[in-house]
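Participant: Sequence plus predicted model, see below.
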Amino acid sequence: MNLTVTDPCHSVRSCKIGAYMKARVDRHARSPFRIILAASLLALPACSFAQGPDASMGARLGQGTFVSPTFILNLDVQVKGVDGAPLKSMAVVTLYSAAGLPISTATTRGTRALFTQLAPGDYYVEVEASGYWKSREDTTVQPTLSDNIVTVSLTPAVAGSAPPVYSHTPLLKPEVQKDLNKAVAAMRANNLDSAEKQMKPILRVARNHPDVLYTMGLLAEKKGNTTEAQSSWNKAISFDPNHWLSVYALGQSYFHEGNYQKAGELGQKALDLQPNSWKAHSLLASVAFRQDHYGEAVSHGERALELGKEQAAGISIVLAQALAVQGRKEEAIQVLNQFLATKPESTNEEKARRLLTSVQSKADQFVISGSEAAKAAADAPKPEITPLVERWVPPNVDDVQPPVEPGAACDLSDVLAHAGTQLQRLPDTLERFSATERLEHQDVSETGIASKGETVSYAYVVSIHETRRGSLNVEEYRNGTDDAAVFPEHFATRGLPSQVFVFHPYYQGEFAMKCEGLARQGAGFAWQVHFEQKANVPSRIQVHYLNGRRYPVPLKGRAWIDSTSYQIVRLQTDLREPVKLAGLYAQHTDIEYGPVRFRKDNLDLWLPIRAEFFVQTKGHRVHRRHDFSDYVLFAVEDKQTIGKPKGAQEQQ
């Protein structure tokens, strides 16, 4: 397998010829194969279903009320598929109190999920599984039965279900980024006239770009023109339905004008686009609270705090009121005390203390008055002030830990075995394929603003086959050649199709791996696995060549492995540590894989759909986006067109 990255600015002889990365997956020769990727997650311990709440902000407070070692009552949730048949795939089951307080989450083992040490009373369960609609079932834990059973039947989500949409909003041209950065700086300084002046040249060349429209919406909102702001955000969404910033900003705007129906719809869309967004959960909690849906407000508010911790503390006033009105005064008091410990700004501190006094009163029942003062709170966080990145590279995989579902235990050996089996089939099935590749290249500053850029397209061909036991060979061609000269600045990035082979049985043993739990990925769930090159094993995954010398590159990263199919759906890597002798200081890659259909055998193959690549060498930073479409598969003695990835959109 060959992978080449040519870095133009490392050589002492030329800024066009420099570091050369080449890779070959060869178990016996121990020569390298190239991989690039990155990410971050929240570590999930192998925990019991019934654990008490953590005192820190964001713990599920309901566990302290409904789960205790002194209780002996259990709830057995049995999940069925079509016509009552046992469900073959894994399902995620969340247990709620009757008032909507989330208590615990579990995954099915076989067709069952077991919740233990519960208090008697009314509950409901929600069940989610890939390929099925979410289902809810009410149940009662009887004090006279130690083992209570509830059966949930799932309905296949066929008609009306939407496949994932893979798309990139095109990068703004460098000169537009610079002007937009100036406009944003003026807005931050509240110099709105200057910001409007800075936007004029931008509108002449990029008036329909979603990032530009988003910024125009922010400017209009700051000037008090809500209708114009909403129009800009609606237009941004029409050009890119996945433009999360505009979706959230529009939802927050509708919320503040009292249009809770539209705010709720956009909040749900924001959550669908980013399932782990604390802001989306905060918006939905605020909407539910204003509609007197207190159980739903508690559910989203709790999740917002779990995900955002102190960043999401503003939702605490809403959450505390929603808890108190349901009679959960002790939990409301705990939420308010945690909020006050964050030292909020004076207005919200005053609201929290006034509310705390009211909740602590001896009144039998907490009642929310109809006055605005009772419901006012800084609960729906404001939109981001800029669509531009403010750091040239995303956080390192160990710097940020995205969350996982609480209570879903992971069997690492089982996940690796299934993922390895899927990858072993790939060379047998996929001998050669072609695609259209669109590459956006930019040199960027430390603040992430581009200094120059270029966009090119290629006829992209890849060959993958096993030359002998323990040896995989991957070859890549763009426009019929493997010459780095076809890349911008002669800086070649290769190896995207081969990144998943870090989980091939040939290479798994060279990495320390840890399953961190079950994460939400799009409409489904995936196991999050952290990996890191072992210190005593030279890297075969990536080698950096500089001036004829070979430097092994140790990697670390994260993968999301679909909980049903065990396909790798996303993969990210960083350097385990900089390779200073090679002048390689930072590298981050984020690749999304998607299914493409092999029509002859009705087979889905998971191939790269889009990727982002960041690299820093001596004084040189590069950001690239790769998009792949129009796949064609060449089987032995046959040619099969497999078309666009499922859900893919045409690139503009």
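Facilitator: Received the coordinates, thanks. Numbers count the residues shown, from 1 in each chain.

Participant: make it CA atoms for all contacts and neighbour counts henceforth
Facilitator: Will do.

Participant: What's the local residue count around Val474?
Facilitator: Neighbours of Val474 under the rule other C-alpha atoms under 10 Å: 23.

Participant: That one pairs with what?
Facilitator: When bridges are called by DSSP bridges, Val474 pairs up with Ile464.

Participant: Show me the shaky parts of the stretch 451-600 of the chain.
Facilitator: 598-600 (pLDDT under 70).

Participant: Quick one: the strands in it, in order.
Facilitator: Listed in chain order, the strands of the stretch 451-600 of the chain (DSSP state E, counting those that start in this stretch) span 471-478, 511-521, 524-533, 543-546, 549-552, 555-562, 568-575, 586-598.

Participant: Which of those strands sits closest to Thr169?
Facilitator: Between Thr169 and those, the tightest spacing by C-alpha to C-alpha is seen for strand 586-598, at 15.1 Å.

Participant: Quick check: neighbours of that closest one in the sheet, parallel or antiparallel?
Facilitator: When pairing is defined by DSSP bridges, strand 586-598 lines up against strand 568-575 (antiparallel), strand 603-617 (antiparallel).

Participant: Just the residues contacting the shortest one, thanks.
Facilitator: It stands for strand 568-575. 36-39, 396-397, 419, 499-500, 553-562, 586-594, 606 (C-alpha atoms under 8 Å, 6 or more residues apart in numbering).

Participant: how does it look with 7 Å?
Facilitator: 36-39, 396-397, 500, 554-562, 586-594 (C-alpha atoms under 7 Å, 6 or more residues apart in numbering).

Participant: tell me the angle that strand makes with strand 555-562.
Facilitator: Inter-element angle recorded for strand 568-575 and strand 555-562: 170 degrees (by axes from the mean of the first three to the mean of the last three C-alpha atoms, to 10 degrees).

Participant: which residues touch the residue lying closest to Gly84 once chain neighbours are set aside?
Facilitator: Excluding its sequence neighbours, the residue lying closest to Gly84 (C-alpha to C-alpha, 6 or more residues apart in numbering) is Ser153, at 6.7 Å. Shown in contact with Ser153 (C-alpha under 7 Å, 6+ apart): 79-81, 84.

Participant: quick check, nearest of those residues to Gln252?
Facilitator: Relative to Gln252, and with distances defined as C-alpha to C-alpha, the nearest of the contacts of Ser153 is Val79, at 36.8 Å.

Participant: Looks like the closest one contacts Thr111 (just checking).
Facilitator: Yes. Look at Val79 against Thr111 with C-alpha atoms under 7 Å: they come within range, at 5.3 Å.

Participant: so what sits against both of these two?
Facilitator: Going by C-alpha under 7 Å, 6+ apart, residues that sit against Val79 and also against Thr111 are 86-87.

Participant: And these two? Which one has more around it.
Facilitator: Neighbour count, other C-alpha under 10 Å: between Val79 and Thr111, Val79 has more, with 27 against 19.

Participant: what's in contact with the one helix or strand the more buried one maps to?
Facilitator: Element membership for Val79 (DSSP states H and E) is strand 73-80. For strand 73-80, contacts defined as C-alpha under 7 Å, 6+ apart pick out 86-87, 111-119, 141, 145-154.

Participant: I'd like the strands paired with strand 586-598 as TSV, with mean neighbour count and distance to Phe628 appended.
Facilitator: TSV is the format used below for those (neighbours: other C-alpha atoms under 10 Å; distance: least, C-alpha to C-alpha, whole Å):
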stretch	mean neighbour count	distance to Phe628
strand 568-575	26	15
strand 603-617	21	5
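
Participant: returning to that earlier point: and the contacts of Ser153, which are buried?
Facilitator: 79-81 (16 or more other C-alpha atoms under 10 Å).

Participant: now those as a markdown table including pLDDT and distance to Arg570?
Facilitator: Shown next, in a markdown table, are the buried ones among the contacts of Ser153 (pLDDT from 0 to 100; distance: C-alpha to C-alpha, whole Å):
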| residue | pLDDT | distance to Arg570 |
| --- | --- | --- |
| Val79 | 93 | 28 |
| Lys80 | 91 | 29 |
| Gly81 | 86 | 28 |
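
Participant: Since that was my last question, I'll sign off now.
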